[in-house]
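S.K.: Structure, please.
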Amino acid sequence: MSRNKIYAIVEGQGEANRPVSGSQSAVTVLINKLLIDLNCYTLFPVEKVPPFRMSYSEFFHSDKLERAIRYFKSYSDCAAVLVLLDMDDECPKEQASELTNRLRTMESLPFSVAVVCAKREYEAWFLASLETIHRGELYESEPEEIRNAKGWLRKKFGYKPTVHQANYTRLIDITIAHDRSRSFRRLYHAFQEIIAATDNGETIITPTADLKEQT
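M.R.: Predicted structure coming up:
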């Protein structure tokens, strides 16, 4: 079987939840949007296997991440795993490096792994592209500096992650979010790396220690 699917490990319930039976989760929508934007038609988000969900503490204070990665070895179509979590107050660069350093001590993997930490939270990416999600609205401050983007969206628009996150993700403008959000640029670059590695018949664990691509 060809390795052409991207699986996901996420922190948030909104990223993993399918708002309507048979619909896509937010992270599945996100993966698909990025692949299309990058003109990649040889990789696809996995549809039948739901994202593996973990709490923040489980990422850093247990071996659950390693066990989850090993779990995906049972899928012969797995080309890559996206590990996606929020960094409310921690440094995305340092925390991503901590996780990838751990993954590099594991046995050889038959697929790539990309760790992406959203600065503050996933919803900051919505603020970066707010005008395409809610027409006529514009978030004029720095989207990654607000401490509670989720709460801001809830107060202004009645936002609920398990209900709205997938559709909000569908409405993100990739170019706008890329221009306004450093951590979204990191996400975009991670997919460029995954695609290049797959095209070359290689596997990678990203980011590297210096994380230069996020500057």
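
S.K.: Tell me the helix or strand right after the longest helix along the chain.
M.R.: Using DSSP state H, we find that the single longest helix of the chain is helix 182-199. The helix or strand immediately downstream of helix 182-199 is strand 205-206, counting by DSSP states H and E.

S.K.: pLDDT below threshold where in this structure?
M.R.: Applying pLDDT under 70 to the chain flags residues 1, 209-215.

S.K.: could you pull out the helices for it?
M.R.: Ranges of helices in the chain, per DSSP H, are 13-16, 26-37, 56-60, 64-72, 92-103, 123-128, 130-133, 149-157, 161-171, 174-180, 182-199.

S.K.: wait, what's in contact with the residue nearest the centre of the chain?
M.R.: Centre of the chain computed as the mean C-alpha position; nearest residue by Cα atoms, centre = their mean is Leu84, 4.1 Å away. Neighbouring residues of Leu84 by Cβ atoms under 8 Å, 6 or more residues apart in numbering: Ala8, Ile9, Val10, Glu11, Glu15, Val27, Val116, Ala118, Tyr122, Leu187. For the C-beta atoms, the positions are set from N, CA and C on the backbone; glycine is no exception.

S.K.: residue farthest from the centroid of the protein?
M.R.: Gly136 (27.0 Å).

S.K.: Relative to Leu130, how far out is it?
M.R.: Using Cβ to Cβ, to the nearest Å, Gly136 is found at 10 Å from Leu130.

S.K.: coming back round to it: of the helices of the chain, flag the one that's most buried.
M.R.: helix 123-128 (a mean of 26; mean count of other Cβ atoms under 10 Å).

S.K.: quick one: the residue nearest to the centre of the chain from Ala196, how far?
M.R.: 20 Å.

S.K.: now swap in Arg135 and tell me
M.R.: 36 Å.

S.K.: report the longest strand in this protein, please.
M.R.: strand 78-87 (DSSP state E).

S.K.: Pull up the pairing partners for that strand, direction included.
M.R.: strand 5-10 (parallel), strand 112-119 (parallel) (DSSP bridges).

S.K.: and of the ones you listed, who's closest to Val49?
M.R.: strand 5-10 (6.4 Å; Cβ to Cβ).
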